[in-house]
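Novice: model this:
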Amino acid sequence: MYTNKPVYMTSFKSLIHKNILYILGAVVGAVGGFMYWKWIGCVSGTCKITSSPINSTLYFGLLGSLVFGLFKKEQ
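Specialist: Residues are numbered from 1 along each chain as shown. Purely as a prediction, here's the structure:
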């Protein structure tokens, strides 16, 4: 009987574990970006980032990932 986990599951878990701060930052930033678009946003449509929910969510997700990545300790 085969009881070992597949190699790809082990590598996927280690990838998630190594980059948890980046992932968490992206999620927090994306939620914040969507909330910013929803409640503040750009009514006229001239703002490139905040006039669209997709642009705002992606941009703030990227920023959140970069900011949370600052707190990652070097090995």
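
Novice: which residue ranges form the helices in the protein?
Specialist: Along the chain, counting by DSSP state H, helices occupy 7-18, 20-39, 53-69.

Novice: Mind putting the ones you listed into CSV with mean neighbour count, distance to residue 47 and mean pLDDT?
Specialist: In this view, the C-beta of every residue, glycine as well, is placed from N, C-alpha and C. Below are these laid out as CSV (neighbours: other C-beta atoms under 10 Å; distance: least, C-beta to C-beta, whole Å; pLDDT from 0 to 100):
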stretch, mean neighbour count, distance to residue 47, mean pLDDT
helix 7-18, 10, 34, 77
helix 20-39, 16, 10, 95
helix 53-69, 17, 9, 95
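
Novice: How far off centre is stretch 43-53?
Specialist: Stretch 43-53 sits 21 Å away from the centroid of its parent chain (C-alpha atoms, centre = their mean, to the nearest Å).

Novice: ok, residues contacting that stretch?
Specialist: Around stretch 43-53, the neighbours that count as contacts under C-beta atoms under 8 Å, 6 or more residues apart in numbering are 34, 36-38, 40-42, 55-56, 59.

Novice: now the end-to-end length of it.
Specialist: 12 Å (C-alpha to C-alpha, to the nearest Å).

Novice: go on, stretch 44-61?
Specialist: 23 Å.

Novice: Excluding chain neighbours, what is closest to the most centrally placed residue in the chain?
Specialist: With distances taken as C-alpha atoms, centre = their mean, residue 26 lies nearest the centre of the chain, 1.5 Å away. Leaving aside its sequence neighbours, residue 26 sits nearest to residue 65 (C-beta to C-beta, 6 or more residues apart in numbering; 4.1 Å).

Novice: how near is that neighbour to residue 43?
Specialist: Taking C-beta to C-beta, to the nearest Å as the measure, residue 65 falls 28 Å from residue 43.
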